[in-house]
Every structure is written in C-alpha cells, then in structure tokens.
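*Asks:* Sequence first, then the predicted structure, then my questions.
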Amino acid sequence: MDGVIIARQAEVGTTVVPGSTLLRMVDPATLWVAMSVDESVLARVLIGQVASIRMRSGEVLPGKVARITHQSDAATRELEVNIAFDKPPARFDRRHLPILSTDFMLHNIDTDKIKPAADSSAFVRYDAMPWRCAEALLTEAGWTLHDLPQGQVGLGVAADSQYCVLLQQRPKPNDVVDGHGLLRAAGAGALDFALATSVSDIVLVDEVLVGLNWTWLRAGRYCGIARSPDRGTEGARSVLAGSPLAGRPLAELASWLCSLDPMYRSIGLAAINAFWNRADGPLASSHNGLERFEPLGDGLVVVGGFREALKKLPMATVIERELQGNDVSVDRAQVQLSNANAIAITAQTLMNGSLEPLLARVNHIPTKLLLGPSAPVSPILFEHGLTAVSGLTITDPGATRTFIAETGAMIMLDHLTHPLGLDK
C-alpha cells in the first residue's frame, strides 16, 4: 500500500487495543473536493468537465469533474459534485515528503484482525440545515453564541468569556448552513470527528432500527446501540437519507456523528459503538461504572439520572435537565462543578452533542468518567479529556433488536449485554 500519512495516532511504546487507529493514510491520486450544485444548473455540469479548485491559501489548481451524485439534498435541493485534482496539492506530493518510519511496538493486538483503514473522513457529509435549527441545536447542546463586533457570531461555553469566531456574519433564520462544519471550522467538534472517522471497516450495514429510546445497528459481526433523541426535542425528527441505510458502509454511518442533529448523531454513535464495543474488547473491571467511587460519593458530580446506582452514593450531586429531589439544573451547576473531584457523565451527552462543551467546563476535575450503554469503549476519548469509560457490548443482537422494537423500554436488560470498560 502506497500513500501519504496524514495523521499519526500512536507513538512508539503505546499500548493499544484491537481496532485502534494507528495511522491515517491517503492516496494523493484519489484526492477530490466536494462541492454543492443547485439542481437547476446541474445540466451544465458533465463528468470529465475541466474545473478550477481554489484553495483557502488562494492557490488555484486544475481539476476535472469526477462524480455527480444522483440524490439531491432534501433541504437545499443541491447535489454533491466531486472535483478530482489533476495533480495533488504540493503538501501531498510524495516527492517532497519524508518517508515515515513505522517502527511501532505493538502490544495486545491480534494481528489477524488488523485491516487497512478506510479513509473514513471522506464520508463526512455536509450537515445542511437552516440557521435557526443550527442555532437552536448549538444552544441546546450547551454552546454559547454571542454577537461580536463587526457583525460576527462567536462560539463559546457557559461561564467562559472566551469566544472563537463561528460566522463572519449572522445568517438569516432560513439560510442553509453546514451545521457541524461551522463547529469544526471554529476549532470545536474534534471529539465527534475523531470518533466518526475512527471506524476503519467498510463492511456493509445489514439493518438499522430507530426505536423509542434506543437506536440499534447491525453490520456483519458488528452490533451497536445508542440512545435515541428524546421526543419533543430539537432533532427528534425523521432522517432524510434519500436511500435505505442498509447496504451502506459502516464507516459512512459512523460519520453521521459529525452532525448537530441528534437523530443523525444517534445513528452515527450506534455505528461507532458497533465497531468499538465488540465482545473481544476490553472487559470491564470489578470497579465498573459508578462502583469505582468511594462510598457515599462525597465530591462526586453525576450528570444524568442513574437513580438506582446513586442510592449507594447519597452525597453525590446530580445534575439533570428533568429535576427530581435535590437535583441541580444544568444552568445552575457552576458551584458544584467547581468543587468536584470526580465527575460521571451519561453517554447520552455524546448523542445530543453536549459532551464537548461540558468537558470544556470541567478540565480541572481529575477523574472524568463517561458511562452508559451509549458509551464507545475507545481510547480516543482519553485524547479529549476523559479518564475512564464504561460501556457495554451486545451479546444477543437478535434479542436486543426485539426488545427495542417491542417494548420501548428505557432500561437495557443485563442478560442482553456484557459490560466493557477502559481506563486511561
């Protein structure tokens, strides 16, 4: 295999688990740029047509139309057109790149299971939505939007006066924007992107089921679940995919985590969990989930209502949107977060997009656990501030599907799953 290494995600001596991404490599000859063309002018675009590609640096490179999709976006009525470079940009020219030594020390890897990684980043879609929806979803996830001088829109987190530029000017409510693309361009969304592009198997998806409380996905030997969006919340609506999800690569559906829309995120997270949370993954220790914390739970903040488990931790502070008893609301939790020495976060925050802005507020807390059936048991989480993860693997895919389809229950049954865990 010949190509250019664009990312190195393990160092010499690193201990990795099966399925971990070590390097990302692309073939410069296959590079292309995706653009959107209104269907009203599509007749003027032809395969092989000469095109010019303007880079952000200002450099203009020659190219040709390589591919035209057949399905228009339901919101914008635009189709994706791929423009291939006549020759790769200079930074991908192998003649000017050093040869990378691949002298890795690999531990705990079954080499029979190593497969060439798909270029999963190519699947990341244009997250088209009206600005009013993007604004509502960003705010609901915990991001703070602020009007900056000269008409710019800033992005930050609550209780933080630091803002980065999200937009050069505020769009009109119905203007279509690339929701998650804006987030990434502003320097956020890194955890979503890392997880979404970590799925290196392009096995085809067999079936997707979106249930009342859980989303279930099966692709060959892979099976994963994730929480579905709550009814009545922004994003709890139909996925306009244009074609069946079955038959698409697992890596493509994993890329759907790069969206502001929780429904797309739920399907993407189920695909990611199918890949990472396998039966041959890291088994959970005896101190799994909330059991790792000291009796009474002094100094512990729990984000999410793990009611039964919290009976053993009466001194823990619970932060919830749906308040019960002594729960603290999200917008009034700054004092509790400031004084905490450990935090346990429901993995539902990864589905609804609120995990990253929350992690930005709790950098000072030494122990940060992500837990729940939606948690991907992946070391990638440790690169983005978490110190432990507690999730599960599906042991009976068929029975789990039936349970989700027929009961609508919120609690996942223990006999259908097996706990998995990982510590930094």
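*Replies:* That came through, no problem. The structure displayed is predicted, hence computed values, not measured ones. Numbers count the residues shown, from 1 in each chain.
*Asks:* How much space separates D86 from Q162?
*Replies:* Distance from D86 to Q162, counting by C-beta to C-beta, to the nearest Å: 42 Å. In short, each C-beta sits where N, CA and C put it, glycine included.
*Asks:* I misspoke; the intended subject was L337.
*Replies:* Per C-beta to C-beta, L337 is found 17 Å from Q162.
*Asks:* Which one of these two is surrounded by more residues?
*Replies:* L337 (19 against 9; other C-beta atoms under 10 Å).
*Asks:* Look at that one and tell me its secondary structure.
*Replies:* helix (DSSP: H, G, I helix; E, B strand; the rest coil).
*Asks:* That one is in contact with N363, isn't it?
*Replies:* No - the criterion here is C-beta atoms under 8 Å, and L337 misses it with N363 at 10.5 Å.
*Asks:* Quick one: low-confidence residue ranges for the stretch 151-300 of the chain.
*Replies:* Residues of the stretch 151-300 of the chain meeting the criterion pLDDT under 70: 158-161, 231-243, 281-288.
*Asks:* Tell me, how many residues neighbour the closest residue to I202 other than its chain neighbours?
*Replies:* The shortest distance from I202 to any non-neighbouring residue, by C-beta to C-beta, 6 or more residues apart in numbering, is to P249 (4.1 Å). Using other C-beta under 10 Å, P249 has 19 other residues around it.
*Asks:* Equivalent analysis for Q71, please.
*Replies:* The number of residues packed near Q71 is 11, by other C-beta under 10 Å.
*Asks:* doesn't it fall inside a helix?
*Replies:* No - applying three-state DSSP, one finds Q71 to be coil, outside a helix.
*Asks:* Three-state assignment for L212, please.
*Replies:* coil.
*Asks:* Am I right that it is in contact with A405?
*Replies:* No - applying C-beta under 8 Å as the test, L212 and A405 come out as separate, 9.4 Å apart.
*Asks:* all helices in the protein, in order from the N-terminus.
*Replies:* With DSSP state H as the criterion, the chain has helices at 131-141, 179-185, 190-196, 250-254, 262-276, 307-310, 334-339, 348-352, 355-361, 397-407.
*Asks:* What lies in contact with the fourth one?
*Replies:* Counting contacts by C-beta atoms under 8 Å, 6 or more residues apart in numbering, the residues outside helix 250-254 that touch it are 118, 120, 123, 195-205, 208, 217, 219, 222, 245, 267-268, 270-272, 274-275.
*Asks:* mind listing the strands for the stretch 51-200 of the chain?
*Replies:* Under the criterion DSSP state E, counting those that start in this stretch, the stretch 51-200 of the chain contains strands at 60-68, 78-85, 128-130, 143-147, 153-157, 164-167, 176-178.
*Asks:* same question, the stretch 201-350 of the chain
*Replies:* Going by DSSP E, counting those that start in this stretch, the stretch 201-350 of the chain shows strands at 207-210, 214-219, 222-227, 300-303, 317-319, 342-346.
*Asks:* I'd like these written out as a markdown table, with mean neighbour count and distance to V377 added.
*Replies:* Converted to a markdown table, the strands of the stretch 201-350 of the chain look like this (neighbours: other C-beta atoms under 10 Å; distance: least, C-beta to C-beta, whole Å):
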| stretch | mean neighbour count | distance to V377 |
| --- | --- | --- |
| strand 207-210 | 18 | 21 |
| strand 214-219 | 26 | 16 |
| strand 222-227 | 27 | 11 |
| strand 300-303 | 24 | 19 |
| strand 317-319 | 23 | 24 |
| strand 342-346 | 25 | 15 |
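*Asks:* Alright, that wraps it up for me.
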